[in-house]
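[1] Curious how this folds, go ahead:
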Amino acid sequence: MGDYSLKDKYPLLHNISSQQQEVITNMGWFEGRTWKWGLAWQRELRQQEIHEVEELIKEVSKHHPVPNRADTLTWRGKHEYKAKLLCQLLSMETTVEVESLICSVWMHLAPPKVEFFMWLALLDKLNTKERLCNKGILPANQDLCIFCSAQPENLDHVLLHCPFSWLIWKTIAKEMGKELIAYPSFKEFYETWLATQWKSKRVKKLWISIIFAGAWRIWKARNDSIFNQKKLSVEEICHSIKWQVSAWTETWKEEVPYRVEDIARNFASIPTLLN
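    Residues are numbered from 1 along each chain as shown. I've put the predicted structure just below:
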C-alpha cells in the first residue's frame, strides 16, 4: 500500500488472519465485474478488531484485481534495472508457500460462492457446531450432528462421515459407475476425488463439479434443518445435486452437447454421453 504494508499497519488483524500466506486471487471473487474481498479470521472478532476491520476494508476497497487483464511487471528500484540486482533482491525476500490443494477450488466449474465455500471447508473454517462450541458461542451439550444426533458435528463428520452424508456421496458416485471407500478426512476425500481418472475431459469436469455441488447441498440441507426445521431425504438432496451440476455446465467455456434436462435425467449415462 504505497510505502507501507497492511501487515505492519494492522498487526492485530494479521495475527488472527487465516490468510497470512494467501495470494490475492484466493482472497475474493468476482460477481460480474464486481470484486468481492473475502477476509477470513481464525476466531470471532472482538470490538477493537471489528473497528480495525472496518478501516482495513475502507483501504482495500480501493484496490482490486481487474478481470480479463494480465498482470504486468514494473521496476521500482532506485537504480537502473539489471537481472543481477533483481536476483539479489529476490534472494532477500521471504518465501511464500500456498497449499496447491486448497488453491485448486478456483476452477470456475461452480459459482464463486460455492468455490469460496469449498475453500473455507478445506481450511476447516466452516462454523460447525463443534467449532461454535469451542468458541463459546454454543453450549458444550449442543454439538451433536443435526442429521444423525449421534456424533459431534465437526467438518469431517457433517460433510463426509455422517451416515446420512456418506450415503449421498455413495449414491451419486454409484450413478457415475464409481465405488467409494472410507477416508479419514474430507480434505483427503476431496484430493482423491479430484485425482479420479476419466477418459473424457468433460466427464472429469462434471465429476469434479459433483464434489462441489455435493458438499454445498449437504451444508445447505444442514442449515435448513437447523434454522428452518426443514428435513430433506437422501433422494431429494441427490436429485438437487444432479440438477445443480447439470445447470453449471451451461457456464463452461467448453460446450456440452446436451440440454440441462437431458444431463440431469440421464446422470448414470454421463460417462457414455460425454465420452
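[2] mind checking which helix or strand Trp29 is in?
    Following DSSP states H and E, one finds Trp29 within strand 28-31.
[3] quick one, strands of this structure?
    Using DSSP state E, the strands found in the chain span residues 28-31, 34-37.
[4] Can you flag the weakest of these by average pLDDT?
    Taking the mean pLDDT of each of the strands of the chain, the lowest value is held by strand 28-31, a mean of 75.
[5] what's that strand in contact with?
    Contact with strand 28-31 is made by 35-38, 64-65, 67, 112-113, 115-116, as judged by C-beta atoms under 8 Å, 6 or more residues apart in numbering. Placement of C-beta: from N, CA and C, glycine included.
[6] what comes up buried for the strand holding Trp29?
    28-29 (16 or more other C-beta atoms under 10 Å).
[7] cool, stretch 166-178 as well?
    Neighbour-count burial for stretch 166-178 [16+ other C-beta under 10 Å]: 166, 168-169, 171-173, 175-176.
[8] Ala264 and Ser240 touch, don't they?
    No: if you go by C-beta atoms under 8 Å, Ala264 and Ser240 don't touch, sitting 9.8 Å apart.
[9] Show me the shaky parts of this protein.
    90, 92-100, 273, 275 (pLDDT under 70).
[10] any idea how far Ser240 is from the nearest residue to Gln244 once chain neighbours are set aside?
    In space, Gln244 comes closest to Ala213 once its chain neighbours are excluded; the distance is 4.6 Å by C-beta to C-beta, 6 or more residues apart in numbering. In this view, Ala213 and Ser240 are 8 Å apart by C-beta to C-beta, to the nearest Å.
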